[in-house]
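Novice: Generate coordinates for the sequence data below:
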Amino acid sequence: MTLCDDSWVAAQATRRTLEMNGVQGQVLHGIIGETVGATLAVAQLSFDLALLDAPRGREWVRHLLGVAARVLKPGGKLLLAGPTRGGIKGFIEDASEIVGPCRMERIKAGHRLAVAEKTVGQVANSSEAVGQVANLSHNQPVHFAAGPGVFSCGELDAGTRALVETMAIRPGDTVLDLGCGCGVVGAVAARTARQVVLVDHSAAALAACRATLELNGVTNAEILASDCAEAVRDRRFDVVATNPPFHQGLGVEFDVAQQFVRDAARVLVKEGGRLYLVANRFIRYERVMGALFSQVKTAYEDNRFRVLEAVR
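Specialist: Have a look, this model is predicted:
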């Protein structure tokens, strides 16, 4: 049995769950058949059965369906589940296209379960990260890699652009790109900083981040899988820059973003450590930031985003 998840947090939790229940299984951080860390070791395996509890985002689900199509044996089955409000009907159509004939098996409590059978000889296209370029004001262009499941896939989002054009990185600074995504923030910071560390929980994001650093010729950076800033909790930085997530499933929540703020306060140097955080204008982080930093100000604002600067 092989279990895999794009999230480092989920993969670690899965390992503990198997241990507690005395179950043997291989747990991977990443997606089978993709060149992300340990997944290389199982790239040639094939399976009789694949299970997919469809996550948020049709592009990412189509990518996962393509992975399932590649690793299933001819005649192998895919069990696909998800909430009706989460787009499962469209995912079932996609499964029929990508994997093979897919039929509805069960509907219960607003959720649907479907079964697809791998069509003999069917080949699914692989989705690879694609290089993009963004022109920044007062900076040379930055290259970045975009792929399915990675924030800013296809173009640099306006919030990240506001962050990299506002943050002030000084020569000699050590910088943490917290929740790095495709690595644009860290790549720009590395032009001035002494060292940059980029962390994210997503294997897809970390793979895109590696490609982004290569595209920009960055050599003074380190990439780590991490639950928020846990991987660097004992290190100290002059600057933390972040575009924190606030979406979870079909709703909106701010727990992770607030943990980002708390973690930033913990890993910044005590005197003059700076946090740059970008947020939609309707999100108010001032209270949690004000409790942890001596100064909090709006460094940039437009009709959609604000960049907050907090100083220890």
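Novice: Give the closest residue to residue 204 in space, chain neighbours not counted.
Specialist: Nearest non-adjacent residue to residue 204, counting by Cβ to Cβ, 6 or more residues apart in numbering: residue 149, 4.0 Å away. The way it works is simple: take the backbone N, C-alpha and C, and place the C-beta from them, glycine included.
Novice: quick one, phi psi at the spatially most central residue of the chain?
Specialist: Centroid-nearest residue in the chain: residue 202, 4.0 Å away (criterion: Cα atoms, centre = their mean). With angles defined as degrees, to the nearest 10, residue 202 sits at phi -90, psi 130.
Novice: contacting residues for the residue nearest to it when sequence neighbours are not counted?
Specialist: Using Cβ to Cβ, 6+ apart and skipping the chain neighbours, the partner closest in space to residue 202 is residue 6 (5.3 Å). When contacts are counted by Cβ atoms under 8 Å, 6 or more residues apart in numbering, residue 6 is found next to 29, 30, 31, 149, 202, 203, 204.
Novice: And the helices in the chain?
Specialist: Listed in chain order, the helices of the chain (DSSP state H) span 8-20, 58-71, 88-98, 158-166, 184-189, 203-215, 255-267, 286-290.
Novice: Out of these, which one sits most buried?
Specialist: Comparing the helices of the chain by mean neighbour count (mean count of other Cβ atoms under 10 Å), helix 184-189 ranks first with a mean of 28.
Novice: If you count contacts, what does that helix end up packed against?
Specialist: With contacts defined as 3 or more Cβ pairs under 8 Å, 6 or more residues apart in numbering; DSSP states H and E, helix 184-189 has these neighbours: strand 142-146, helix 158-166, strand 174-178, strand 195-200, helix 203-215, strand 239-242.
Novice: May I see the buried residues of the fourth one?
Specialist: Which is strand 195-200. Within strand 195-200, the residues scored as buried using 16 or more other Cβ atoms under 10 Å are 195, 196, 197, 198, 199, 200.
Novice: Does the fourth one have any beta-bridge partners, and if so which?
Specialist: In this entry, residue 198 is beta-bridged to residue 177, residue 223, by DSSP bridges.
Novice: And for residue 81?
Specialist: residue 53, residue 113.
Novice: what's the spacing between it and residue 189?
Specialist: Remark: distance between residue 81 and residue 189 (Cβ to Cβ, to the nearest Å) = 41 Å.
Novice: same question, residue 133
Specialist: 18 Å.
Novice: same deal with residue 306?
Specialist: Between residue 306 and residue 189 the distance is 20 Å, computed by Cβ to Cβ.
Novice: Save the helices of the chain as TSV, and put in distance to residue 177 and mean pLDDT too.
Specialist: Shown next, in TSV, are those (distance: least, Cβ to Cβ, whole Å; pLDDT from 0 to 100):
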stretch	distance to residue 177	mean pLDDT
helix 8-20	16	95
helix 58-71	22	90
helix 88-98	32	94
helix 158-166	10	94
helix 184-189	4	96
helix 203-215	8	92
helix 255-267	11	93
helix 286-290	18	89
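Novice: Figure out which of the ones you listed is closest to residue 226.
Specialist: For residue 226, the closest of the helices of the chain is helix 8-20, at 6.7 Å, according to Cβ to Cβ.
Novice: could you give the angle of that closest one to helix 203-215?
Specialist: Helix 8-20 and helix 203-215 meet at an angle of 140 degrees, taking axes from the mean of the first three to the mean of the last three Cα atoms, to 10 degrees as the criterion.
Novice: name the helices or strands packed onto helix 8-20?
Specialist: Using 3+ Cβ pairs under 8 Å, 6+ apart, helix 8-20 sits against strand 2-5, strand 26-29.
Novice: How about residues contacting that helix?
Specialist: Residues from elsewhere that reach helix 8-20, judged by Cβ under 8 Å, 6+ apart: 3-5, 24-25, 27-29, 201-203, 225-227.
Novice: Now with 10 Å, please.
Specialist: Residues outside helix 8-20 that contact it (Cβ atoms under 10 Å, 6 or more residues apart in numbering): 1, 3-5, 7, 23-30, 38, 199-203, 206, 224-228, 230-231, 256.
Novice: quick one: it to chain centroid distance?
Specialist: 18 Å (Cα atoms, centre = their mean, to the nearest Å).
Novice: which residue packs closest to residue 302, ignoring adjacent ones?
Specialist: Among residues not flanking residue 302 along the chain, residue 162 sits closest, at 7.0 Å (Cβ to Cβ, 6+ apart).
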